[in-house]
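>>> Everything below, folded, please.
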Amino acid sequence: MENFYFLFESIENWDTWDEKGFSLGMLILFVSTIFFQILYYILLGRKTDRFSNLGKWFLFGIINSLMVFLVTLLVEGFIVFEHESIGDFEYEIWSFTIINTIYAFLLYFIFSLAFKRFSIHSKYYPVKF
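Okay, the predicted model is just below:
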């Protein structure tokens, strides 16, 4: 899993990251992205065309990224490394969280290409083909 986070170099607590950090970060990333895909394309995309535009699709991608950012920051800081407060978080936790957030929007785009086929109203977003 550490190969997925290739931008994330210079890890001091490699054993902790290898045991729990990478797997929890990837789990948060995939669960949140799949949840927002189901919400946008299957639940909302079949019921109404109110959310069927590129702006709403982008908004759901940003909300997904923010959710991944917050959950990853809190889980990695408090559960994996057992810090007392947010002020105790190291640089590695913050950089891992930012990289996970970037991956969240990229996966949101990639999964949108597959999930858009399940939608009635939102089947042309993000791209039409």
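>>> Can you find the helix or strand in the chain with the smallest mean pLDDT?
In the chain, no helix or strand scores lower on mean pLDDT, DSSP states H and E than helix 14-16, which sits at a mean of 60.
>>> Look up the closest residue to residue 120, ignoring the ones flanking it.
residue 46 (5.0 Å; C-beta to C-beta, 6 or more residues apart in numbering). C-beta here means a position set from N, CA and C on the backbone, and glycine is covered the same way.
>>> Do you have the helices of this structure handy? List them.
For the chain, the helices defined by DSSP state H cover 14-16, 22-37, 45-47, 54-74, 91-115.
>>> Can you say which of those is nearest to residue 122?
Proximity to residue 122, assessed across the helices of the chain by C-beta to C-beta, is greatest for helix 45-47 (3.8 Å).
>>> Name all residues that make contact with the nearest residue to residue 54 once chain neighbours are set aside.
Nearest non-adjacent residue to residue 54, counting by C-beta to C-beta, 6+ apart: residue 125, 5.8 Å away. By C-beta atoms under 8 Å, 6 or more residues apart in numbering, the contact set of residue 125 is 52, 53, 54, 57, 112, 116.
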